[in-house]
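# Here's my sequence, what's the structure:
(one chain, ligands or ions: 3)
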Amino acid sequence: MSQKDFEIAVIEGDGIGRDVTQATFTLLDQACDRVGGLKLRQNAIRAGAGYYLETGVDIEPGGEERAGENDAIFLGAIGLPKVRTTSGTEISPHLRLRERFQLYAGVRPVRAYANTPRRLSDPRSANIDLIVLRESTEGLFYSAAVHGRAEVIGDSEVRDIMRITRHTTEKLHDFAFRLARKRRSRGKPGHLTCVDKANVFESQAFFRKIFDERAEGFSDVERGYNYVDAQALDLIRRPWDFDVLVMENMFGDILSDLAGGLVGGMGMAACAEIGDDHALFQPAHGSAPDIMGQDKANPLAAILSGALMLDYLAETHNSRAAQSAALLVDTAVERGFEQNRLRPMEFGGDMGTAAMTAELGLLIDEIASGTETGAQ
Ligand SMILES: NC(=O)C1=CN([C@@H]2O[C@H](COP(=O)(O)OP(=O)(O)OC[C@H]3O[C@@H](n4cnc5c(N)ncnc54)[C@H](O)[C@@H]3O)[C@@H](O)[C@H]2O)C=CC1
Ligand SMILES: CC(C)CC(=O)C(=O)O
Ligand SMILES: [Mg+2]
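Ligands and ions are numbered 1, 2, ... in the order given. Next comes the predicted model:
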């Protein structure tokens with residue numbers, strides 16, 4: 001059954017979070033309108049470091065529960081380095097959302113668009129098109145999600161925990177194999193690499209063991225292994241050789257920023273966090289306090305995350321309209337770069353958040369009405 005209206009919990013958060021969220025919904029609404037009146041109803045939930053400073057809590061009362069009552073959750077960015085809890089960490093209610101809704105599959109696409117900076121001189125870097133699949137509920141973030149889980153021994157020692165469970169890891173690897181298979185059906189290599197540190201950590205050997213067990217159900221998917229340190233090296237020397245990389249939480253946090261840098265910067269780093277019953281979409285970047293309030297943020301990471309959200313809604317609600325709207329947004333980004341009409345300040349270009357949003361709006365209209373100019 002297809003659905004016309006979707007309820008979206010929207011957490012704008014801190015710093016550039018608000019600007020990129022507003023840019024995203026302006027364009028998603030426009031795309032939804034152009035495909036026949038699909039509506040995204042935004043239900044705002046206040047949360048973040050600014051909210052914590054104001055109220056003493058990091059998310060509005062009942063906000064977590066309410067977020068889960070929506071068809072999807074969208075988040076701008078949360079955190080400000082100067083706003084800290086008594087334990088010295090920053091406030092991060094989004095880690096609790098990941099855990100509460102078991103959003104184990106953190107999908108972080110990394111793709112080189114035309115006319116974007118090549119951080120590597122090798123011409124093959126134009127072919128970078130991979131996905132960092134980051135487990136997002138446990139691993140080394142397990143003790144970070146909830147205060148009190150780390151073992152604190154006075155002022156002399158602190159132990160965070162690397163938690164790998166069979167339950168979550170089986171689901172993660174199944175997701176990874178299905179994703180690789182889906183990419184192959186769309187003409188991409190469809191190769192899956194298990195990235196771990198199985199040579200030294202028992203938790204990581206367990207992660208790999210479960211990868212091998214689950215592989216038996218996906219014999220058609222080509223698979224390989226890489227230790228995480230070697231993977232960091234390979235992302236610099238031959239990133240074009242990789243397709244889907246699956247790994248624990250902290251490794252994925254680090255390598256997804258590195259990979260985002262390869263294709264321009266964090267303003268290109270989209271993210272979908274998917275569980276069995278819920279999903280949250282957010283750019284992989286943070287609140288970027290160094291550029292906030294200056295109209296300098298590249299909104300594309302958020303906008304591409306919005307397109308991932310439409311894809312998810314299309315799949316979970318069998319909505320062709322949502323699928324078409326997602327395609328419209330993705331195509332606008334692709335054409336915008338091809339035609340050199342998207343020039344984010346992040347890459348030394350002349351377009352701030354507002355100008356990028358306006359140009360993408362024009363592209364969406366042109367593509368939807370078949371009046372693309374193809375201007376260079
Ligand atoms: N999921 C989330 O909400 C995340 C929150 N954070 C929080 O954000 C705050 C800042 O953290 P940082 O380590 O500085 O990471 P960050 O991702 O906010 O910024 C890193 C660098 O990338 C640039 N950058 C990020 N997004 C950009 C965009 N859309 N356009 C142009 N440039 C962009 C920033 O200007 C900065 O130079 C901290 O409080 C941190 O805890 C950090 C990462 C993820
Ligand atoms: C809590 C966030 C600041 C962690 C992070 O950097 C991320 O999830 O990408
Ligand atoms: Mg991160």
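# Just the closest residue of the protein to ligand 2, please.
residue 92 (4.0 Å; Cβ to the nearest ligand atom). C-beta here means a position set from N, CA and C on the backbone, and glycine is covered the same way.
# quick one: that residue from residue 85, how far?
For residue 92, the distance to residue 85 equals 9 Å [Cβ to Cβ, to the nearest Å].
# Settle it for me: which of those two has more neighbours?
More crowded of residue 92 and residue 85, by other Cβ atoms under 10 Å: residue 92, with 19 against 12.
# these two touch, right, the more buried one and residue 75?
No. Assessed by Cβ atoms under 8 Å, residue 92 is found out of contact with residue 75, at 11.2 Å.
# And whatever helix or strand residue 316 lives in, what does it pack against?
Element membership for residue 316, per DSSP states H and E: helix 300-317. On a contact count with 3 or more Cβ pairs under 8 Å, 6 or more residues apart in numbering; DSSP states H and E, helix 300-317 meets strand 5-13, helix 17-34, strand 72-77, strand 105-111, strand 272-274, strand 279-281, helix 320-338.
# Would you mind putting the CA coordinates of it into PDB?
Taking Å, rounded to 0.1, in the frame of the first residue of the first chain, the C-alpha atoms of helix 300-317 are listed here in PDB:
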ATOM      1  CA  LEU A 300      24.800  18.500   0.700                       C
ATOM      2  CA  ALA A 301      25.600  15.900   3.400                       C
ATOM      3  CA  ALA A 302      22.300  16.700   5.000                       C
ATOM      4  CA  ILE A 303      20.400  16.900   1.600                       C
ATOM      5  CA  LEU A 304      21.800  13.500   0.500                       C
ATOM      6  CA  SER A 305      20.900  12.100   3.900                       C
ATOM      7  CA  GLY A 306      17.400  13.400   3.200                       C
ATOM      8  CA  ALA A 307      17.400  11.500  -0.100                       C
ATOM      9  CA  LEU A 308      18.400   8.400   1.700                       C
ATOM     10  CA  MET A 309      15.400   9.000   4.000                       C
ATOM     11  CA  LEU A 310      13.100   9.200   1.000                       C
ATOM     12  CA  ASP A 311      14.600   5.900  -0.300                       C
ATOM     13  CA  TYR A 312      13.900   4.300   3.100                       C
ATOM     14  CA  LEU A 313      10.300   5.600   3.200                       C
ATOM     15  CA  ALA A 314       9.900   4.300  -0.400                       C
ATOM     16  CA  GLU A 315      11.100   0.900   0.600                       C
ATOM     17  CA  THR A 316       9.300   0.500   3.900                       C
ATOM     18  CA  HIS A 317       6.000   2.000   2.700                       C
END
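# Helix 320-338 and that one, what's the angle between them?
Using axes from the mean of the first three to the mean of the last three Cα atoms, to 10 degrees, the direction of helix 300-317 lies 160 degrees away from that of helix 320-338.
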